[in-house]
Each structure stands twice: as C-alpha cells, then as structure tokens.
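In: Task: produce atomic coordinates for the following.
(one chain, ligands or ions: 2)
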Amino acid sequence: MTYINQLLNHENETVTLKGWVYNSRSSKALHFIELRDGTGLCQCIIALDDVGEELFEAAGTLKQESSVEITGKVVKDERSVGGYELHASDLKVIQVAENYPITPKDHGVEFLMENRHLWLRSQRQWAAMQVRSSIQFAIHKFFREEGFIQMDAPIFTGNAAEGTTTLFETDYFEEKAYLTQSGQLYGEAMAMAHGKIYTFGPTFRAEKSKTRRHLTEFWMIEPEMAFYDLNMNMELAEKMLKYIVNYILEHNQKELDILERDTASLQNAVDKPFKRISYSDAVEQLKSDETTNMLDSMKEEREKELAEIKKELEEIKKEHGSAKKWRKAQIDQRIKEIHARIDQIEEDLRNIPVWKESASNFEWGNDFGGSDETILTMQYDTPVMVHRYPAEVKAFYMKRDPEDEKLALALDVLAPEGYGEIIGGSQREDNLDTLLERIKEHDLPEEVFSWYLDLRKFGSVPHSGYGLGLERTVAWICGLSHVRETIPFPRMMGRLSP
Ligand code: 4AD
Ligand code: MG
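Out: Ligands and ions are numbered 1, 2, ... in the order given. Take a look at the predicted model:
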C-alpha cells in the first residue's frame, strides 16, 4: 500500500492506494474518482478500456465516502490535485457508503458541528488538524532545543489557579475536586526541581462564554522557569512564537493553501520584532483618535465591499440558469464563498459601533475585553505584547511592579489581525509574606495552598512563566474565525457531543 503524499517517490510505478471517494464524476468511458487517504487527495482515472466492464460499472456505483482500493500507474500531472494522477488497472470496493450527509452544498455550522465526526474528513478541517499537529510538534521541538523538560500537572486539583468562578467541580470520593484551569502552580513546583519545565495538557474553564475564543476544554502549554524575570519571560514567548510560525511556514504550505491563509502576516511574525507596549500605553492607544479613525475607515471599506459583493451575487445568480454543468458547480462554490463573506462583513458592521464605544469609554483599571484586544491588534502587523496590567484584574500569584505597586508584572500576547490574546503569563510573587497577603485579599482558602507556599520557604527564587492556548494559536495561524474548528471535538457551552 502506498500513501498519496508519497506518490512523488513512485512516478510511473504501479501502486495501490487505499482510501475514500472524496468526489467523483463520470463520462461514458471514464470515471474520475478523487480519492483521499488521510495524507492527501489524488485523482484516479478509471477507463472502461483499462479495467473492463464489470469493474467500470462497480466504480460507477461508488458514492461519496465509499471505501476502496485502487491499483494503477502513477502519472505526473501538474494540473491534478497533488500533482499526480493514478491511471487505474484494478479496483476493489471495500464498502459502498450510504448517502453522505455532508455534500459540497452549503451547510450551516450547527449541522456541521452535529456531524463533527464526519466533518473532520473535509479538506479545510483536515488541513486545520494537520497544522494543529505540526504546531504541537514544533512546540515540543522548541522547548527541547531550549533545554526544557516536559512535565505533567495533575488534572484533578483541590484548588483554583485562575479565579474561583470558572471551576468545574467534580466529586472525588466524597471530597470536592476541580478540573484544572492551569497547570501553573504545579509547574512552579516542578521548575524548582528541574529549572526549566513545560506542561502540555488539557485545561478546563467553566465560564459561561459563547464567544469565538472560548472552549470549556482546551489545551495549554505552560513553560515555567526558575531565575527568569518578566523581560526574560517576554523574550522566550517571542522566540517560541517565531519558532512555531516559522516551522508551519516551512512545513505546512500545502495546508495553508487549502485554508487560503494569507501568509504575509505570518511571515511578519517571524521577521519583525513584536510590538511591546505597557497596559497604560495600550489604554491611551484605545482611546486615541487614531483608533476612532481606523474604525471609521474600516466601516467605509466594509460597506463598499458589501455593495460590490452583493452586486456580483446578483450577476452570477442570473448566469446560473443558463450555465453549463461545470460552470454551475463553479458558481455554486462562489455563491457559498460570497455568503460566508457577507456574514463576516455584516458581523463586522454590527461590531464596529460596539467596538468604538467600548474603546473610547475604556477606563484605566479594567481588563481588556475581546473587542478591545481585537482593535488593538488591528493596529499592528505583528503580535503585540502587553505588559504591566493593573494588579486588580490579574491573578493572586503575580508579582507587583516594584516601580508601581498598582501594577502586576503580567504579560499578555495578542495575536494580530484581530485574533487577540493567545498567551497569558507573569513573573510570580516569590515572597512568602506578600503571597500570603494576596491569598487573603483574594479570599482564597490558605490551607489548600500550603504546599504552594512551601515553594517560598525553601529556596525561593524569582521565577516566571506563561500559558499558550493551543486552540487560539491554531485559529490565528490557520486564519480560522472560531476556535471550534481548531480541535477535533470541541467542548463548548451547549456542546458535549459528538
Ligand atoms: O491567561 P490565562 O488564563 O493564564 C493562565 O492560565 C496562567 N496560569 C498561565 C501561566 O502563566 N502558566 O490562560 C492562558 C491562555 C490564554 O492566553 C488563552 O490563549 C488560553 O490560555 N485560554 C483559552 N483558550 C480557549 N478557551 C478558553 N476558555 C481559554 N481560556 C484561556
Ligand atoms: Mg489571560
């Protein structure tokens, strides 16, 4: 058996592909089957003259997603998907599929989510998962090369790390336990044993948010480093993101093409230093005329585009009636794209006034909302690192800025093009008494943190770390508008199956 992504090593040889019918069309003496095998797509040409009547007929009955084995000669063809075709000499049907629910026509997102177990087979979903896997690999590779070891934090925990309002509670042999929100506190203990560690695991948040950035179960990568201050933390975060994006640009061009990802912006993240800005300066920026003007011109651009695209829609709809079959298919595809774009533009147009309002009324001391992050990042062409947030809006464990006690030595990295926060981190409070005070201020139960406080009793050192959200990173790198398409089986409010 040969895999489609290996065909380049088998030019002019006879090989057997095993896979599923992704698409097919027929003429009198030829069937064209687009076969997918998990590694790519390959057009297989089944000619009546080559395979005989019986096999030719069998090939004609294969509906979408039927499973087959096709044997044939590998022929280079630039115009074909993947660059190679298979000229079939033999064919074995494994199973003839029932009517497949996901057809090339436009399906609503809810329908696709209900069929997530099948939707995963579609090209765009396939490409996104390939990129996700590459990102995971690049992260491991980066940390290994930087001298980190991977260590695992527990998933059942007895304490909150990121605020008590977003905990999933479970019954742990009649004791209360929570699903972890972050491996960080354990990461700190492990860093004191191994110096530089990272965790890579699932984390859980029970916030009742139904936004495009929120999952209830997501994967987080959390490096924690002894003897690192906030600046070193920022350096590491930037180096890591550059490494990941560069890795994807080098290894996943094909997938980025399928996703129609504009890679210029990704290349910027590799080539240019990230913009660093303090929270206070970011607030100024939000409230500035520059921001208002940017949103006004964005509104104008969107309205113009909407008018143009609606006109195009009218025209091709007219053309559809008298079009040839192949052209009809093209038009259907374009109509699908136009509808998606219209939805997006209309959403932007609904959002812009809300964003504008939120930005100009923003008060120092508040946390940035999703829309504030969106408009901040739209003003820069690289990821933005916002540092030194008001301590009030950040977690109890963050160290205060010695130069201004109101501020926490916190760091958020906002991905460009409106994606927003992908990393949250900080330098940690390393003084025992101060940390005890913070625990009291935050009304947290001291007992469950006794082990954590020990870390400040036995060789406490300055240390820092951050958490990278995997799904938000995948969304940004793939250019996907919603995190639900960045994980095989998303868990969100109101979605527990499939
Ligand atoms: O900013 P957060 O809450 O930081 C922490 O949990 C720290 N303890 C991390 C650390 O310092 N070790 O979360 C970190 C990242 C966010 O920037 C975001 O990318 C992701 O985790 N994240 C979510 N992703 C999807 N859905 C959610 N509900 C998320 N909440 C956080
Ligand atoms: Mg955060």
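In: In the stretch 251-400 of the chain, what residue comes closest to ligand 1?
Out: residue 395 (6.7 Å; Cβ to the nearest ligand atom). Just so you know, the C-beta spots here come from the backbone N, C-alpha and C atoms, and that holds for glycine as well.
In: For that residue, give me the pLDDT.
Out: At residue 395, the model reports a pLDDT of 94.
In: same deal with residue 308?
Out: The predicted structure scores residue 308 at 95 on the pLDDT scale.
In: secondary structure element for it?
Out: Secondary-structure element containing residue 308, defined by DSSP states H and E: helix 289-322.
In: thinking again about what came up before, let me know how buried the residue of the stretch 251-400 of the chain closest to ligand 1 is, in neighbour terms.
Out: Burial of residue 395, expressed as a neighbour count using other Cβ atoms under 10 Å, amounts to 20.
In: what does the one 5 residues further on give?
Out: One way to gauge burial is a neighbour count; for residue 400, by other Cβ under 10 Å, it gives 19.
In: List, one by one, the residues from the stretch 201-350 of the chain near ligand 1.
Out: Contact residues of the stretch 201-350 of the chain with respect to ligand 1, defined by Cβ under 6 Å from any ligand atom, are listed as 205, 214, 215, 218, 220, 222.
In: And the helix holding residue 308, what does it pack against?
Out: Packed against helix 289-322 by the contact rule (3 or more Cβ pairs under 8 Å, 6 or more residues apart in numbering; DSSP states H and E) you find helix 325-360, helix 370-377.
In: List the buried residues for the longest one?
Out: Read that as helix 325-360. Of the residues in helix 325-360, those buried by neighbour count under the rule 16 or more other Cβ atoms under 10 Å are 332, 335, 338, 345, 348, 351, 352, 355, 356, 358, 359.
In: Distance to residue 285 and pLDDT for these - can I get that in a markdown table?
Out: Compiled in a markdown table, the buried residues of helix 325-360 are given as follows (distance: Cβ to Cβ, whole Å; pLDDT from 0 to 100):
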| residue | distance to residue 285 | pLDDT |
| --- | --- | --- |
| 332 | 44 | 86 |
| 335 | 40 | 90 |
| 338 | 35 | 92 |
| 345 | 25 | 93 |
| 348 | 20 | 91 |
| 351 | 19 | 91 |
| 352 | 17 | 93 |
| 355 | 14 | 90 |
| 356 | 14 | 91 |
| 358 | 14 | 89 |
| 359 | 9 | 91 |
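In: Just flag the most distant two among those residues.
Out: In the buried residues of helix 325-360, the most distant members under the criterion Cβ to Cβ are 332 and 359, with 39.8 Å between them.
In: Tell me who's in contact with the closest residue to residue 56 other than its chain neighbours.
Out: Using Cβ to Cβ, 6 or more residues apart in numbering and skipping the chain neighbours, the partner closest in space to residue 56 is residue 48 (4.6 Å). Taking Cβ atoms under 8 Å, 6 or more residues apart in numbering, we find residue 48 in contact with 28, 29, 30, 56.
In: And the residues you listed, which is the shakiest by pLDDT?
Out: residue 28 (90).
In: That residue: how many residues sit nearby?
Out: Residue 28 is surrounded by 5 other residues when neighbours are defined as other Cβ under 10 Å.
In: any idea how far residue 183 is from it?
Out: Separation of residue 28 from residue 183 (Cβ to Cβ, to the nearest Å) stands at 62 Å.
In: Within range of ligand 1, give me the residues from the stretch 51-200 of the chain.
Out: Where proximity means Cβ under 6 Å from any ligand atom, the interface of the stretch 51-200 of the chain facing ligand 1 comprises 161, 162, 182, 184.
In: For those residues, pick the one with the most neighbours.
Out: Among these, the one with the most neighbours (other Cβ under 10 Å) is residue 184, at 28 neighbours.
In: didn't that one look like it was pressed against residue 467?
Out: Yes. Residue 184 sits in contact with residue 467 when judged by Cβ atoms under 8 Å, with a separation of 6.7 Å.
In: Need the residues touching each of those two.
Out: When Cβ under 8 Å, 6+ apart defines a contact, the residues bordering residue 184 and residue 467 alike are residue 222.
In: ok, back up a step: okay, angle between the helix holding residue 308 and helix 370-377 too, please.
Out: Computed with axes from the mean of the first three to the mean of the last three Cα atoms, to 10 degrees, the direction of helix 289-322 lies at 100 degrees from that of helix 370-377.
In: Can you check what angle separates helix 289-322 from helix 325-360?
Out: Using the same axes, to 10 degrees, helix 289-322 lies at 160 degrees relative to helix 325-360.
In: tell me which residues in helix 289-322 are buried?
Out: By neighbour count on 16+ other Cβ under 10 Å, the buried set for helix 289-322 is 291, 294, 295, 298, 299, 302, 306, 313, 316.
In: From the residues you listed, pick the one nearest residue 10.
Out: For these, the minimum distance to residue 10 (Cβ to Cβ) is 40.6 Å, reached by residue 316.
In: Apart from its neighbours in sequence, what residue is nearest that closest one?
Out: residue 331 (5.0 Å).
In: can you check residue 130 too?
Out: Setting aside the residues directly before and after it, residue 130 is nearest to residue 255 in space (Cβ to Cβ, 6+ apart), at 4.8 Å.
In: if I read this right, the one you found contacts residue 133, doesn't it?
Out: No. Taking contact to mean Cβ under 8 Å, the distance of 9.9 Å between residue 255 and residue 133 leaves them out of contact.
In: neighbour count winner among those two?
Out: Between residue 255 and residue 133, residue 255 has the larger neighbour count (other Cβ under 10 Å), namely 23 against 13.
In: Contacts made by the host helix or strand of the more buried one with the rest, please.
Out: Remark: residue 255 resides in helix 253-258, with elements defined by DSSP H and E. Judged by Cβ under 8 Å, 6+ apart, the contacts made with helix 253-258 from elsewhere in the structure are 40, 123-124, 126-128, 130-131, 134, 248-249, 263, 266, 478.
In: Many thanks, I have nothing further to ask.
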